[in-house]
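Visitor: Curious how this folds, go ahead:
(one chain, ligands or ions: 1)
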Amino acid sequence: MEKIKKYTNGEHYLLVNAPFYKRRYSVDGDLIIGCTIGCQFCYYRWVKGTSELIGTGNLRKVATAETMLKFVENSKIIRKNKDILMLSARSDASFQIKEISNFLKIFPYQNKIFVLHRGYFSEKTANNIEDSRVVYCTTITPEGYKMGWTPIKEELQIKGIEILLKNNIPTNRISIEVGPINEYTIDKAIEIINILKTLGFQFLTYRGVSIGNFRVKPQENKLKKIKFKTKQNNNAHRMHSYYKIKNFISEELESKIQSIHGIRLHRFTGTLYKNEFNVEVAYNRYNKYRKEMGQFSTNIDTNKIASYLNFLGYNVYDVKLTEEGYFIKTDNYVTEDIAMTVGAEFKTSVIFDKYHIAPTMEDIKFYKKNKIFYISKEIFL
Ligand code: SF4
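Guide: Now for the predicted structure:
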């Protein structure tokens, strides 16, 4: 593997090296990094350290089932029996069914395991990773094949979903995202959502367009030529160092999607996980209260919040309930990874006086010292 001399920040470092690398509403990770499918809009094309692993046939094993388990056991940020673990977040499950099945066999906790699988579901998927903790996840990209965005065909993906249903996997254990959607693909998106409705699906997620950059510039001309990048605004949070455009969908397109009745359509995974999978999630995002999540808990013993932060390695100076959530003063910077863990632990909104949207390299030292993520020589490159 190419040695990276410089990382943009700690988020970039974890993304290239760690089995689990990010915590938002779920904790995201992989046994293998890279993907043979090679969608043109894949985030990991725009990251130095993973770009050479997308659509080239080169893959990198990042953990064995055993080291992955060790990583989970020793990472405080992963709440055992509680958090959703997302597998194949920087890859695809379709070519690593055996590895995922090995992990499931030794994983002793009751966390829900979301397995991302864009390739076609088959009898093999249904049989080899069937485990009551598994939620089968896929992304269907409307017109994706026709537009040259991905080699995966929507009709065959739907056939694969029908195979799961025939194998008695219920619709509430299949999580489907429809996207990325833009003005050229909206009609097909609506058609696909209606097909899924007739198959019995009661909820799904839809997604707009995202484009990022960690030291590998997106090929904007190509993305424009294939009509992926069109008139989207650079809507990503100004402090975001990776995203320029994040999950962008115009109001006009969104209202078309929301006019479909008889199926619950989620814009954010936070409401999906909370409402459809009954999982504890944070009500804060980007150091603000995310109103879409509903009312956050307000009757929490502030000493408990402080001691949970102590456990994570912080000294807490003050915790005060405000209209935006619990406002907390600490001795060190709290990252989005940590803020979302604390928010989930108390099913509330937590806002910090010292906050980083993504970990810096300094924050990685803090993560290592306090075993936020288990950053150790035996696992890391
Ligand atoms: S299937 Fe997912 S991981 Fe693979 S290339 Fe497409 S977007 Fe990237």
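Visitor: and residue 139, what element?
Guide: strand 134-140 (DSSP states H and E).
Visitor: From the chain's centroid, how far away is that strand?
Guide: 12 Å (CA atoms, centre = their mean, to the nearest Å).
Visitor: again with stretch 254-274
Guide: For stretch 254-274 - counting by CA atoms, centre = their mean - the centre lies 17 Å from the chain centre.
Visitor: can you give me the end-to-end distance of it?
Guide: 21 Å (CA to CA, to the nearest Å).
Visitor: Which parts of that stretch count as buried, going by neighbours?
Guide: Across stretch 254-274, burial judged by 16 or more other CB atoms under 10 Å covers 254, 256-257, 265-274. For every residue, glycine as well, the C-beta is placed using N, CA and C.
Visitor: Please enumerate residues in contact with that stretch?
Guide: 24-26, 84, 175, 181, 186, 189-190, 193-194, 196-197, 201-206, 249, 275-276, 279-282, 285, 290, 292-294 (CB atoms under 8 Å, 6 or more residues apart in numbering).
Visitor: Regarding the residue lying closest to residue 40 once chain neighbours are set aside, which helix or strand does it belong to?
Guide: Setting aside the residues directly before and after it, residue 40 is nearest to residue 149 in space (CB to CB, 6 or more residues apart in numbering), at 5.2 Å. Remark: residue 149 resides in no helix or strand, with elements defined by DSSP H and E.
Visitor: from memory residue 149 sits against residue 42, does it?
Guide: No. At 9.7 Å, residue 149 does not count as touching residue 42 under the criterion of CB atoms under 8 Å.
Visitor: Adjacent strands (with direction) for the strand holding residue 139?
Guide: strand 113-116 (parallel), strand 174-178 (parallel) (DSSP bridges).
Visitor: counting contacts, what elements does the helix or strand that the longest one is followed by pack onto?
Guide: Looking back up the chat, that one is strand 174-178. Remark: after strand 174-178, the chain's next helix or strand is helix 186-198, criterion DSSP H and E. Here helix 186-198 touches helix 154-166, strand 174-178, strand 203-206, helix 251-258, going by 3 or more CB pairs under 8 Å, 6 or more residues apart in numbering; DSSP states H and E.
Visitor: Nearest to residue 299, out of these?
Guide: strand 203-206 (29.3 Å; CB to CB).
Visitor: so what pLDDT did residue 236 get?
Guide: Per-residue pLDDT puts residue 236 at 69.
Visitor: what sits against the residue lying closest to residue 141 once chain neighbours are set aside?
Guide: Among residues not flanking residue 141 along the chain, residue 150 sits closest, at 5.4 Å (CB to CB, 6+ apart). Counting by CB under 8 Å, 6+ apart, residue 150 touches 37, 39-41, 118, 141, 144.
Visitor: So which of the residues you listed are in strands?
Guide: If you go by DSSP state E, those have nothing in strands.
Visitor: Just the buried subset of the contacts of stretch 254-274, please.
Guide: Buried among these by 16+ other CB under 10 Å: 24-26, 84, 175, 181, 186, 189-190, 193, 196, 201, 203-206, 249, 276, 279-282, 285, 290, 293.
Visitor: Centre of the chain to stretch 221-234, how far?
Guide: Counting by CA atoms, centre = their mean, stretch 221-234 comes out at 23 Å from the chain centroid.
Visitor: What residues sit buried inside it?
Guide: Quick answer for stretch 221-234 (16+ other CB under 10 Å): 223, 228-229, 232.
Visitor: Nearest to the ligand among the residues you listed?
Guide: Distance to the ligand, by CB to the nearest ligand atom, is smallest for residue 228 among these, at 12.2 Å.
Visitor: hang on, the closest one packs against residue 149?
Guide: Yes. With contact defined as CB under 8 Å, residue 228 counts as touching residue 149 (5.9 Å).
Visitor: what touches both of those two?
Guide: Looking at what touches both residue 228 and residue 149 (by CB under 8 Å, 6+ apart), the common residues are 40-41, 180.
Visitor: in this structure, which spans are helices?
Guide: 10-17, 65-74, 97-106, 123-128, 154-166, 186-198, 220-225, 251-258, 269-271, 277, 302-312, 336-346, 361-369 (DSSP state H).
Visitor: can you tell me the residue of the stretch 251-381 of the chain closest to the ligand?
Guide: residue 269 (15.5 Å).
Visitor: Give me the local confidence score for that residue.
Guide: 94.
Visitor: and the closest residue to residue 158 other than its chain neighbours, how many neighbours?
Guide: With sequence-adjacent residues excluded and distances taken as CB to CB, 6+ apart, residue 158 is closest to residue 195, at 6.3 Å. Residue 195: 15 surrounding residues under other CB atoms under 10 Å.
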